[in-house]
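A.B. asks: Sequence and computational prediction follow.
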Amino acid sequence: MAILLKLKFGECDSWYSSAYIHSNKSLISPTKESINQLWRNSNNDSRHIYGIVNFDNIYSYQVKKIEQVYNKCDVMVTHINPSCLNKHISPRYRNQDTNTFFTFDGSRFMALGNMKYWIFRHTHDAIEYELHGVKCICHPLGYPTENNYDDTMIKSIEI
């Protein structure tokens, strides 16, 4: 007898915010101007995504998309890491201000949502952690020039 398991996936791109710089010890002042300068100096998004003036312009409408689905899904899928805590970042990148461009604070969605898993990318190191009972998984391909690149990966999870 086959068991039918129906999973609901909530998906949206998401975007980064200034939460990392505000939540961790930062080397820069946490003003919009200083974060924008860091973004322009360190992140390709500032040069390759047309029409973005401020690092967090896309966050305001992407977070609204998460709000529409987070409490209706079993698995949430976004591009950006939903935790801005250093312990939820690859050890080789911890304590770097540029993590603000790879994270946002999604803890309220995990605390109030129904999802059991949150899958994300954007960072190129595989990391897993649990926050508010939600298993967060980043299992990326990376770039072909990176040591961890493998374009034929399978990741299994038990639900």
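C.D. replies: Arrived safely.

A.B. asks: What's the per-residue pLDDT of the spatially most central residue of the chain here?
C.D. replies: Here the mean C-alpha position of the chain is nearest to the C-alpha of residue 81 (C-alpha atoms, centre = their mean), at a distance of 1.7 Å. pLDDT, residue 81: 96.

A.B. asks: Please enumerate the helices of the chain.
C.D. replies: 19-23, 32-42, 45-48, 59-69, 107-112 (DSSP state H).

A.B. asks: Buried residues, the second one. List them.
C.D. replies: Buried residues in helix 32-42, defined by neighbour count with 16 or more other C-beta atoms under 10 Å: 35, 38, 39. C-beta: built from backbone N, CA, C; applies to glycine.

A.B. asks: which residues touch the lowest-mean-pLDDT helix or strand in the chain?
C.D. replies: Ranking every helix and strand in the chain by mean pLDDT, DSSP states H and E puts helix 45-48 at the bottom, with a mean of 88. With contact meaning C-beta atoms under 8 Å, 6 or more residues apart in numbering, helix 45-48 is reached by 39, 40, 52, 55, 101.
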